[in-house]
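Novice: Here is my input; please provide its structure:
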Amino acid sequence: MALPAGLAMLPVTSDMAVRLDPSGRGGTCPGWVLLRRPVAALARQLSAGGRALYIVSETFGGPGIQEAAGWQDGEPWYGPCGTSDIEADLEPGYRLGRGRDSAVNAGLRALGVRASPGHDEYETIGLATHRYTAGWTANP
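Specialist: Coordinates of the predicted model:
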């Protein structure tokens with residue numbers, strides 16, 4: 001799915017996550033709350049000949065956690081980075097990071113995205129278009 005600035009996105013829906021890990025035993029990567037091993041393996045594969053950035057944001061009625069990690073030619077080049085909007089939700093290894101300081105925006109900056117005036121990187125490339133991942137596949 002094409003995004004501005006020459007970027008492309010592959011939304012990992014619940015159905016895709018099951019196809020990547022049919023047994024459900026892949027588990028999360030050590031030190032991560034949301035990044036599942038099969039998704040990390042896919043990102044590494046997609047980075048062949050370029051870069052792939054994994055980003056995720058999970059909110060709970062407003063505040064939440066964000067993660068970002070990047071691979072280039074199958075090797076890590078960015079992160080891992082995890083942030084939380086509120087101190088009470090900090091996970092081990094995560095830092096407090098809101099808005100422009102979130103893991104997602106920091107990862108997008110590392111990828112070369114520059115925020116347009118009055119917006120953050122996430123909004124600039126159109127990721128605020130849909131609230132849920134499934135919205136990208138239903139109405140791209």
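
Novice: can you map out the helices along the chain?
Specialist: Under the criterion DSSP state H, the chain contains helices at 14-20, 37-46, 103-111, 121-124, 133-138.

Novice: Would you mind finding the most buried of the ones you listed?
Specialist: helix 103-111 (a mean of 21; mean count of other Cβ atoms under 10 Å). To be clear about C-beta, it is placed using only N, CA and C from the backbone, and glycine gets the same treatment.

Novice: Only C-alpha atoms, please: export that helix in CSV.
Specialist: What follows is helix 103-111 as a C-alpha-only set of coordinates in CSV (Å, rounded to 0.1, in the frame of the first residue of the first chain):
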residue,chain,number,x,y,z
ALA,A,103,8.9,5.5,19.3
VAL,A,104,6.8,5.6,16.1
ASN,A,105,7.6,9.2,15.2
ALA,A,106,11.3,8.6,16.1
GLY,A,107,11.4,5.6,13.9
LEU,A,108,9.8,7.5,11.0
ARG,A,109,12.4,10.3,11.4
ALA,A,110,15.2,7.7,11.3
LEU,A,111,13.6,6.5,8.0
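
Novice: got the residue ranges for the strands in this structure?
Specialist: Using DSSP state E, the strands assigned to the chain run over residues 51-59, 64-72, 75-84, 95-96.

Novice: Mind checking those for the one nearest to Thr133?
Specialist: Between Thr133 and the strands of the chain, the shortest gap by Cβ to Cβ is with strand 51-59, which sits at 8.9 Å.

Novice: Just checking: what are the partner strands of the closest one?
Specialist: Its sheet considered, strand 51-59 pairs with strand 64-72 (antiparallel) by DSSP bridges.

Novice: Between strand 75-84 and the strand it pairs with, find me the angle.
Specialist: Strand 64-72 and strand 75-84 are oriented at 170 degrees to each other (axes from the mean of the first three to the mean of the last three Cα atoms, to 10 degrees).

Novice: circling back: want to throw the helices of the chain into CSV with distance to Gly62?
Specialist: Output for the helices of the chain, formatted as CSV (distance: least, Cβ to Cβ, whole Å):
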stretch, distance to Gly62
helix 14-20, 22
helix 37-46, 25
helix 103-111, 16
helix 121-124, 16
helix 133-138, 18
